[in-house]
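Q: No letters, just coordinates:
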């Protein structure tokens, strides 16, 4: 092949590569998932299909649905920092094991100090890392 025929092809490939390098990357999902149901990534407790769910509205109000109890709370997010205040939780009749699970999860939630996204998992960071998956609904 002569240099004359390859020059336009080289210019075309070079232009395409330049556009790819200069084009802005697609934005990563980096913001806190406000308005989404976040389902705790733990197996349901024996005798239950329920898994705890946390839903945080844009204004920081939270709906908290544990194994036995449910209620509201307040979540404050500032960058990768997070604090969670759990309000009064209404109790349902359930087993001692589920009540213990609720008490432990509430204790873990109020000790959360940060968060991060790991692929499609939201991790709430504290003494124990709580892993939540956004609901597919």
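A: Great, that's in hand. Predicted model, so just to flag it, every value in this text is computed and none were measured. Numbers count the residues shown, from 1 in each chain.
Q: The spatially closest residue to residue 53 that is not a sequence neighbour - how many residues pack around it?
A: Among residues not flanking residue 53 along the chain, residue 65 sits closest, at 4.5 Å (CB to CB, 6 or more residues apart in numbering). All C-beta spots, glycine's among them, are computed from the backbone N, C-alpha and C. Residue 65 is flanked by 18 other residues according to other CB atoms under 10 Å.
Q: any idea how far residue 65 is from residue 51?
A: Look at residue 65 and residue 51: by CB to CB, to the nearest Å, they are 9 Å apart.
Q: Could you do residue 103 as well?
A: For residue 103 relative to residue 51 (CB to CB), the value is 17 Å.
Q: Pick out whichever of these two has more residues nearby.
A: residue 51 (17 against 13).
Q: Which residues does the host helix or strand of residue 39 contact?
A: Under the criterion of DSSP states H and E, residue 39 resides in strand 37-40. For strand 37-40, contacts defined as CB atoms under 8 Å, 6 or more residues apart in numbering pick out 51-56, 105, 122, 130-135, 137.
Q: Which elements pack onto the host helix or strand of residue 73?
A: Using DSSP H and E, residue 73 falls within strand 69-78. Packing partners of strand 69-78 (3 or more CB pairs under 8 Å, 6 or more residues apart in numbering; DSSP states H and E): strand 61-65, strand 81-91.
Q: Tell me which of the ones you listed approaches residue 71 most closely.
A: strand 81-91 (3.8 Å; CB to CB).
Q: what's the spacing between the closest one and its chain's center?
A: The chain centroid and the centroid of strand 81-91 are separated by 17 Å under CA atoms, centre = their mean, to the nearest Å.
Q: and the spatially closest residue to residue 114 that is not a sequence neighbour, what is it in contact with?
A: Computed as CB to CB, 6+ apart, the closest residue to residue 114 that is not its neighbour in sequence is residue 125, at 4.1 Å. Residue 125 makes contact with 82, 112-116, according to CB under 8 Å, 6+ apart.
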